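Participant: When you get a sec, could you give me coordinates for this:
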Amino acid sequence: MIVDLHNHTPLCNHATGTPIDYAKAAFNQGCKFYGFSDHAPMNFDQKYRMSFKDMDDYKEAIDILKAEFRDKMEILFGYEVDYLPGFIDDRVLNANVDYLIGSVHFLNGWGFDNPEFIGEYKNRDIDQIYIDYFNAIKEMAKFGKFDIVGHIDLIKVFNYKPKTDIRIIAKDALNEIKKSGMTVELNSAGLRKPVGQIYPGDEILKMMSQMGIDITLSSDAHSIEQVGQNMDKIIKKAKDFGYSEVAIYKNREKIMVKI
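Facilitator: Numbers count the residues shown, from 1 in each chain. Below you'll find the predicted structure:
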């Protein structure tokens with residue numbers, strides 16, 4: 001693997017392993033650009049994210065890794081930020097980072113990708129769930145504060161699929177992403193979820209390719225074993241859909257890297 005920008009640390013309270021072990025695992029797989037983007041603090045769902053007081057420790061830990069791996073592998077620093085209007089904090093948005101990943105994990109407070117709350121799918125119209133989700137992705141792109149779209153079709157995580165063509169549902173969000181200049185990650189985590197698919201699925205990835213939307217690569221590791229997991233599959237998928245380079249970010253500047 002060459003690039004992997006979406007990875008976590010124990011500070012989020014649902015990942016295991018030390019940052020140094022993640023970095024070593026990535027280096028041993030030939031990674032050139034390895035990014036940490038742990039769940040950013042906010043005053044919502046604190047059980048599954050770092051606290052604001054952890055921010056300095058997080059940055060210090062990654063800065064140490066940057067120095068340790070200098071001239072061997074470039075360590076990049078960011079946050080995965082929940083797009084949740086009313087809870088997005090300027091301390092995160094203004095942090096000194098290489099990049100910010102914007103993700104949607106909540107719809108009106110419902111943590112739709114949390115197995116604890118999977119029963120709610122049976123209480124709602126599946127098409128409306130997808131429409132609401134991609135409207136949130138569209139608004140996140142319009143918000144203009146993030147560099148990368150995290151797991152763009154995460155809503156499929158439990159393999160509930162809409163009756164309406166996903167291309168119709170996702171079209172406006174993709175148009176807004178293109179307009180914003182954001183990058184979309186190919187995220188292998190879906191392969192270890194009930195849906196058993198990469199994020200995004202082929203229909204959306206084909207639209208992205210046709211629209212010229214840039215991509216990056218992510219394993220979304222929450223454990224050492226998940227570092228680089230199935231990265232060969234997402235690189236092949238990227239090439240199958242016509243991509244020959246992926247984005248990395250340094251100090252919020254996009255740089256394209258050949259794959």
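Participant: Tell me the strands beside the helix or strand where Val246 lies, with direction?
Facilitator: Counting by DSSP states H and E, the element that carries Val246 is strand 245-250. If you go by DSSP bridges, strand 245-250 pairs up with strand 253-258 (antiparallel).
Participant: got the buried residues for the strand it pairs with?
Facilitator: For strand 253-258, the neighbour count (16 or more other C-beta atoms under 10 Å) marks Lys254 as buried. Every residue, glycine included, has its C-beta placed from N, CA and C.
Participant: buried ones in stretch 61-75?
Facilitator: Buried residues in stretch 61-75, counted by 16+ other C-beta under 10 Å: 61-62, 65-66, 69, 73-75.
Participant: check contacts around Leu107.
Facilitator: 129, 132-133, 136 (C-beta atoms under 8 Å, 6 or more residues apart in numbering).
Participant: can you list these in a markdown table and add secondary structure?
Facilitator: Shown next, in a markdown table, are the contacts of Leu107 (DSSP: H, G, I helix; E, B strand; the rest coil):
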| residue | secondary structure |
| --- | --- |
| Ile129 | helix |
| Asp132 | helix |
| Tyr133 | helix |
| Ala136 | helix |
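Participant: By neighbour count, which of these wins?
Facilitator: Tyr133 (23 neighbours; other C-beta atoms under 10 Å).
Participant: Just say helix, strand or coil for the closest residue to that one other than its chain neighbours.
Facilitator: Leaving aside its sequence neighbours, Tyr133 sits nearest to Ile155 (C-beta to C-beta, 6 or more residues apart in numbering; 4.2 Å). Look at Ile155: counting by three-state DSSP, its state is helix.
Participant: Then the one 4 residues further on?
Facilitator: With three-state DSSP as the basis, the three-state label of Asn159 is coil.
Participant: these two touch, right, it and Pro194?
Facilitator: Yes. In this structure, Asn159 is within contact of Pro194 by C-beta atoms under 8 Å, at 4.9 Å.
Participant: which parts of stretch 134-143 are buried?
Facilitator: By neighbour count on 16+ other C-beta under 10 Å, the buried set for stretch 134-143 is 134, 136-138, 140-141.
Participant: Distance-wise, check the residue nearest to Gln197 when sequence neighbours are not counted relative to Pro19.
Facilitator: Spatial nearest neighbour of Gln197, chain neighbours left out: Gly190 (4.9 Å); criterion: C-beta to C-beta, 6+ apart. Separation of Gly190 from Pro19 (C-beta to C-beta, to the nearest Å): 24 Å.
Participant: Settle it for me: which of those two has more neighbours?
Facilitator: Gly190 (24 against 20).
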